[in-house]
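Asks: no sequence on this one, just coordinates:
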């Protein structure tokens with residue numbers, strides 16, 4: 001088991017690139033962040049809705065690690081929590097290294113199951129030119145590494161706020177690497 005901390009939480013009721021930082025968010029079991037444009041039982045991401053609006057929403061809550069923001073700052077970018085559209089900014093958890101099915105316990109009640117990676121799109125360059133290239137990398141075997149966090153579904157709802165501890169519970173083997181959802 002690993003542990004980390006919630007650094008910031010954010011919400012937006014519209015489909016905009018960035019979200020609005022808030023003091024706390026209410027997470028609803030099987031739905032996502034209350035009042036957020038991406039919450040729901042079925043998919044809410046606009047391109048996925050066009051393809052098939054009945055598919056399950058595997059992207060209910062988006063998490064990004066603050067270490068990415070530090071890395072981007074070192075490259076001259078000015079990116080703060082919620083800028084990249086995440087609901088929860090974390091520190092101390094290797095989100096990208098988690099296997100599919102990992103459960104993240106946030107605070108006293110909330111449990112999120114990691115479903116996959118977020119795939120950054122070209123909108124990110126409209127936010128800050130050159131940022132798309134900065135959030136993509138190459139792995140040891142030359143594979144594309146997407147650094148823009150993970151997507152989760154809500155197993156157990158509750159309130160999430162900055163300062164909440166994060167406990168990582170890995171699934172039983174075999175561990176399955178994350179793919180884009």
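Replies: In hand now; what should we look at? Since the structure is predicted, the reported quantities are computational estimates derived from the model, not experimental observations.
Asks: what segments of the protein are helices?
Replies: With helices called from DSSP state H, the chain shows them at 46-51, 66-74, 123-127, 131-134.
Asks: how far off centre is the third one?
Replies: It refers to helix 123-127. Between the mean C-alpha point of helix 123-127 and the mean C-alpha point of its chain there is a distance of 17 Å (CA atoms, centre = their mean, to the nearest Å).
Asks: give me the contacts around the longest strand belonging to the chain.
Replies: In the chain, with assignment by DSSP state E, the single longest strand is strand 2-11. Defining contact as CB atoms under 8 Å, 6 or more residues apart in numbering, one finds that strand 2-11 is touched by 19-25, 33, 35-36, 66, 81-82, 86-94, 106-107, 160-168. (Glycine included, C-beta is placed from N, CA and C.)
Asks: from those residues, which would you call buried?
Replies: Buried residues within those, counting neighbours by 16 or more other CB atoms under 10 Å: 19, 22, 25, 33, 36, 66, 81-82, 86-90, 92-93, 106-107, 160, 162, 164, 166, 168.
Asks: and the residue nearest to residue 123 when sequence neighbours are not counted, how many neighbours does it have?
Replies: For residue 123, the nearest residue in space outside its immediate sequence neighbours is residue 17; the separation is 5.3 Å by CB to CB, 6 or more residues apart in numbering. Counted with other CB atoms under 10 Å, the burial measure for residue 17 works out to 13 neighbours.
Asks: so what's residue 161 closest to, chain neighbours aside?
Replies: By the measure of CB to CB, 6+ apart, the closest residue to residue 161 outside its immediate chain neighbours is residue 24, 4.1 Å from it.
Asks: related to what we said a few turns ago, and the helices of the chain: which comes nearest residue 181?
Replies: Smallest distance to residue 181 across the helices of the chain (CB to CB): 9.4 Å, for helix 46-51.
Asks: appreciated, that's everything.
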